[in-house]
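Peer 1: Need a 3D model of the sequence below.
(one chain, ligands or ions: 2)
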Amino acid sequence: MFDSLPEAVSIYEVSPRDGLQNESAQVATHAKVRLIEALVDAGLKRVEVTSFVSPKWVPQMADADQVCQMIERREGVTYSALVPNARGLERAMAADLDEVAVFISASETHNRKNVNKTVAQTLAAFEKVIGPASQQGLRVRGYVSTVWGCPYEGDVDPEAALTIARELLDRGCYQVSLGDTIGVGTPLQTRRILERFLADVPRDQIALHLHDTRGTALANVLVGLEMGIRDFDASVGGLGGCPYAPGAAGNLATEDLVYTLQGMGIETGVDMPKVWQAGQVAEAIVGRELPGKVHRAGVRSLAS
Ligand code: HMG
Ligand code: MG
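Peer 2: Ligands and ions are numbered 1, 2, ... in the order given. Next up is the predicted model:
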């Protein structure tokens, strides 16, 4: 293992969206803004700040428009948001974002529970999102969820996930982020999935979005790294889950990813003590202990 490590890796931070969307207590808008600014201050260059979904479906994201209005933008940072349909894109454009992310599942049941549509209907709805967004100068990212397993259907055929991913790329997404939505993936499974994807899709068009429900996310990152993947999603403190995927925990914690990559000599652009501080902000605003390992252990504690 590790014959060819990259010099640098790009981290796509999802805690303000994937993290906070699952919190039952309403988080104040100014607290969300504080978290986003702490993440940017730590050196994260790509941040998914919110989602423009139906407030009836995800009340926690109802203040998406205000969040975008309030954050102080920093040069060189890509501010992104999740968008399910034309209405979402309209809101994202009014909010002056750099990028939007569409999302769809590789399994029919999760897709229906998440967006009330079949996979085919969801792809049809994206006709009013991907093309129009690109025409307005926004980059579009695509998520394919439940690639490693579905909370309703169990095993998922990687071929089905690949067909959807190809469709998203053909329609204009610059990258697809493959989701282990409920954190069931293990390393050899990750290798099999990536072997299939990399036979058809250039590696820089693939990102990994790994929830750490069973503690295997980092092991799967290492498989991805070894296979040439350079883009990883992460959530500070390990905050998060998906409201329509029972049992989903947070994404791989950003601090755990940065700590591991830095230890391997791989550049992330992220300042370790500052991202740890951002994790403290996240914990304070949700008012409960977060699960990230580095978050809990500290950046480095030496016995005296
Ligand atoms: P629907 O009920 O079938 O659609 O929802 P609708 O068009 O009838 O809309 C219902 C109401 O919402 C209407 O309002 C619409 O106007 C409004 P009403 O007429 O009843 O007053 N509405 C909107 N309002 C604001 N912004 C919008 C919008 N769209 C409709 N964009 C819909 C369909 C897709 C809207 C709904 O199912 C939805 O919002 N789902 C989002 C679910 C979600 O956010 N899930 C979590 C994110 S996905 C995830 O976490 C996985 C990921 O992290 C990757 C991984 O881990 O694998 C990305
Ligand atoms: Mg997710």
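Peer 1: near ligand 1, which residues of this structure?
Peer 2: Selection of the chain residues close to ligand 1 by Cβ under 6 Å from any ligand atom yields 18, 21, 51-54, 56-58, 82, 84-85, 87-88, 91, 103, 114-116, 143, 145, 179, 181, 209, 211, 242-244. For the C-beta atoms, the positions are set from N, CA and C on the backbone; glycine is no exception.
Peer 1: how about the strands of the stretch 201-304 of the chain, start to end?
Peer 2: 206-210, 231-234 (DSSP state E, counting those that start in this stretch).
Peer 1: Could you export those to TSV, including columns for mean neighbour count and mean pLDDT?
Peer 2: Converted to TSV, the strands of the stretch 201-304 of the chain look like this (neighbours: other Cβ atoms under 10 Å; pLDDT from 0 to 100):
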stretch	mean neighbour count	mean pLDDT
strand 206-210	25	98
strand 231-234	26	98
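Peer 1: Check which helix or strand the residue in the chain that ligand 1 sits nearest to maps to.
Peer 2: Of all residues in the chain, G179 sits closest to ligand 1, with a separation of 2.3 Å (Cβ to the nearest ligand atom). Using DSSP states H and E, the element containing G179 is strand 175-180.
Peer 1: which other helices and strands contact that strand?
Peer 2: strand 139-145, helix 158-170, strand 206-210, strand 231-234 (3 or more Cβ pairs under 8 Å, 6 or more residues apart in numbering; DSSP states H and E).
Peer 1: Let me know the angle separating it from strand 139-145.
Peer 2: 20 degrees (axes from the mean of the first three to the mean of the last three Cα atoms, to 10 degrees).
Peer 1: quick one: strand 175-180 to helix 158-170, angle?
Peer 2: Here the directions of strand 175-180 and helix 158-170 differ by 150 degrees (the same axes, to 10 degrees).
Peer 1: Burial check on G131, number of neighbours?
Peer 2: 13 (other Cβ atoms under 10 Å).
Peer 1: Are we agreed that it is in a helix?
Peer 2: Yes: membership of G131 in a helix is supported by DSSP: H, G, I helix; E, B strand; the rest coil.
Peer 1: Pretty sure it sits against V140.
Peer 2: No: between G131 and V140 there is no contact under Cβ atoms under 8 Å: 9.0 Å.
Peer 1: got any residues that touch both of the two?
Peer 2: G172 (Cβ atoms under 8 Å, 6 or more residues apart in numbering).
Peer 1: and I104, backbone torsions?
Peer 2: phi -160, psi 150 (degrees, to the nearest 10).
Peer 1: Point me to the helix or strand that includes the closest residue to it other than its chain neighbours.
Peer 2: Of all residues not flanking I104 in the chain, T122 sits nearest, at 4.8 Å (Cβ to Cβ, 6 or more residues apart in numbering). Assigned by DSSP H and E, T122 belongs to helix 119-126.
Peer 1: What average pLDDT does that helix get?
Peer 2: For helix 119-126, mean pLDDT is 98.
Peer 1: contact partners of stretch 3-11?
Peer 2: Taking Cβ under 8 Å, 6+ apart as the rule, stretch 3-11 contacts 44-46, 225-226, 228, 230-234, 254, 257-258, 261, 264-270.
Peer 1: Give the buried subset of those residues as a PyMOL selection command.
Peer 2: To isolate the buried members of the contacts of stretch 3-11 in PyMOL, using 16 or more other Cβ atoms under 10 Å:
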select buried, resi 44+45+46+225+226+230+231+232+233+234+254+257+258+261+266+268+270
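Peer 1: So which of the contacts of stretch 3-11 are in helices?
Peer 2: L225, E226, T254, L257, V258, L261 (DSSP state H).
Peer 1: Many thanks, have a good one.
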